[in-house]
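S.K.: this is a predicted model, with the sequence first.
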Amino acid sequence: MNNFLPLLLIVPLLALKTAFITPSEDNPVKIGPEELKSWVSHLASDEMRGRANGSPEMKKAAEWISEMYISCGLKPVPGTASYIQDYSFATRQQKTVSERNVIGYIEGADPVLRGQYIVITAHFDHVGVRKGNDADSIYNGADDNAAGTCSLIGVARNIKNSGIRPGRSIIFAAFSGEESGMRGSRHFVSNCPVPLKNIYANINFEMTGHSEFLGKNRYYMTGCKVSDLDDLIGRFNSGKDWKLVDTIKLADQLFFSSDNISFSRVTSAGGKTIGIPSGTFATTALADYIHSPRDEAAYFDFENMAGFVNHFSELILWLSQSRDEIKFTSSSFEKITQ
């Protein structure tokens, strides 16, 4: 036994050291507004024709996201053959729609934590082309949700470029099917490539391209009344320029209206909703341009969006190293254990 004492002392010290690694000037975690502008402008271009589920443009979008994952150095999740997770669903008209999620992976470095996962998500579908009163019939879906998808890619790029290995493993999942009833995220959770009980948290991005709703350097989270994830984030934000606003009345409603709920509501038993702590992070609520032809990249505040991506890159690295458990605070929810 005494021969192992030095090792037993060293491992906790290494873990403690890892927990306090943060990005610095030597390990920059930064993306610029021009890069984000080029990505969003591509994904929300007229050529993508609103990225309706089942369309050829959605396949092109998935291929583009896969190429971006490759450029970011992401790998497929161990045990899977590629970034693509195929699935299909039936519409109300009994039409079968074939779709795909795009999933990438960074392995954690902490020997204790790397078997746990933070899942970063955003949906990349929208509602396509619709005839109406506007001369422009393409619903480009720039803020809803090319912005969230490009935020996800930006975080992946930043983390890989920082040279800092996360403590927990990180999965990046771009979902289709959100506009058709969160089909993609529900399929991912039902066919998860890792054990659901090992997922530490889900961080979902939606509507991150505008700043006029909250002001600069501000974002909100859905689900603040459901788990203490917001408290943990508040600790990270202390002394930083970016702040979490917790007074958005729509946030409680929107918790049940985006892909994060597929994680927090995996199943139910004994009157409890059983799942994984989650939240959607956004800089805009239900603005009048959402689900309209006016949702275009030309109206974005890309400086603010770049700040948001850079902030979350550091935040997610910090969360990946945290020893704190994230708990459900609502008596209606319970963490999944199997």
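M.R.: Great, that's in hand.
S.K.: going forward, measure contacts and count neighbours with C-alpha atoms only.
M.R.: Will do.
S.K.: for the chain, longest helix please?
M.R.: In the chain, taking DSSP state H as the definition, the longest helix is helix 302-321.
S.K.: so what strands line up beside the helix or strand just after that helix?
M.R.: Sequence order places strand 333-335 as the next helix or strand after helix 302-321, per DSSP states H and E. Partner strands for strand 333-335, per DSSP bridges, with pairing direction: strand 272-275 (parallel).
S.K.: pull out the buried positions in the partner strand.
M.R.: By neighbour count with 16 or more other Cα atoms under 10 Å, strand 272-275 contains the buried residues Thr273, Ile274, Gly275.
S.K.: quick one, strands of this structure?
M.R.: 84-90, 96-106, 117-123, 169-175, 199-205, 218-221, 243-245, 267-269, 272-275, 278-282, 333-335 (DSSP state E).
S.K.: to Ile159, which of these lies closest?
M.R.: Each of those has some distance to Ile159 by Cα to Cα; the shortest is strand 96-106, at 9.1 Å.
S.K.: could I get the buried residue list for the closest one?
M.R.: Neighbour counts over strand 96-106 (16+ other Cα under 10 Å) mark Glu99, Arg100, Asn101, Val102, Ile103, Gly104, Tyr105, Ile106 as buried.
S.K.: quick check: mean pLDDT of it?
M.R.: For strand 96-106, mean pLDDT is 98.
S.K.: and for stretch 278-297?
M.R.: Averaged across stretch 278-297, pLDDT comes to 94.
S.K.: first-to-last residue distance for that stretch?
M.R.: Terminal residues of stretch 278-297 are spaced 27 Å apart (Cα to Cα, to the nearest Å).
S.K.: got it, and stretch 88-101?
M.R.: Using Cα to Cα, the end-to-end distance of stretch 88-101 comes to 11 Å.
S.K.: and what of stretch 292-307?
M.R.: The stretch stretch 292-307 measures 26 Å between its terminal residues, going by Cα to Cα.
S.K.: now do stretch 324-338
M.R.: For stretch 324-338, the end-to-end distance is 20 Å (Cα to Cα).
S.K.: and stretch 83-97, by the same measure?
M.R.: End-to-end distance (Cα to Cα), stretch 83-97: 20 Å.
S.K.: stretch 101-112 now?
M.R.: Stretch 101-112 end-to-end distance (Cα to Cα) = 29 Å.
S.K.: now that stretch, how far from the centre of its chain.
M.R.: 14 Å (Cα atoms, centre = their mean, to the nearest Å).
S.K.: please report the distance of Val119 from Ser45.
M.R.: As for Val119, its distance to Ser45 is 27 Å (criterion: Cα to Cα).
S.K.: residues in contact with Thr273?
M.R.: Counting by Cα atoms under 8 Å, 6 or more residues apart in numbering, Thr273 touches Ser264, Arg265, Val266, Thr267, Ser332, Phe333, Glu334.
S.K.: quick check: ChimeraX command selecting the buried ones in these.
M.R.: Burial among the contacts of Thr273 is assessed by 16+ other Cα under 10 Å; the matching ChimeraX selection reads:
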select :264,265,266,333,334
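S.K.: can I get the contacts of Thr273 in JSON lines including pLDDT and distance to Glu57?
M.R.: Output for these, formatted as JSON lines (pLDDT from 0 to 100; distance: Cα to Cα, whole Å):
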{"residue": "Ser264", "pLDDT": "98", "distance to Glu57": "30"}
{"residue": "Arg265", "pLDDT": "98", "distance to Glu57": "30"}
{"residue": "Val266", "pLDDT": "98", "distance to Glu57": "30"}
{"residue": "Thr267", "pLDDT": "97", "distance to Glu57": "33"}
{"residue": "Ser332", "pLDDT": "97", "distance to Glu57": "40"}
{"residue": "Phe333", "pLDDT": "98", "distance to Glu57": "38"}
{"residue": "Glu334", "pLDDT": "98", "distance to Glu57": "39"}
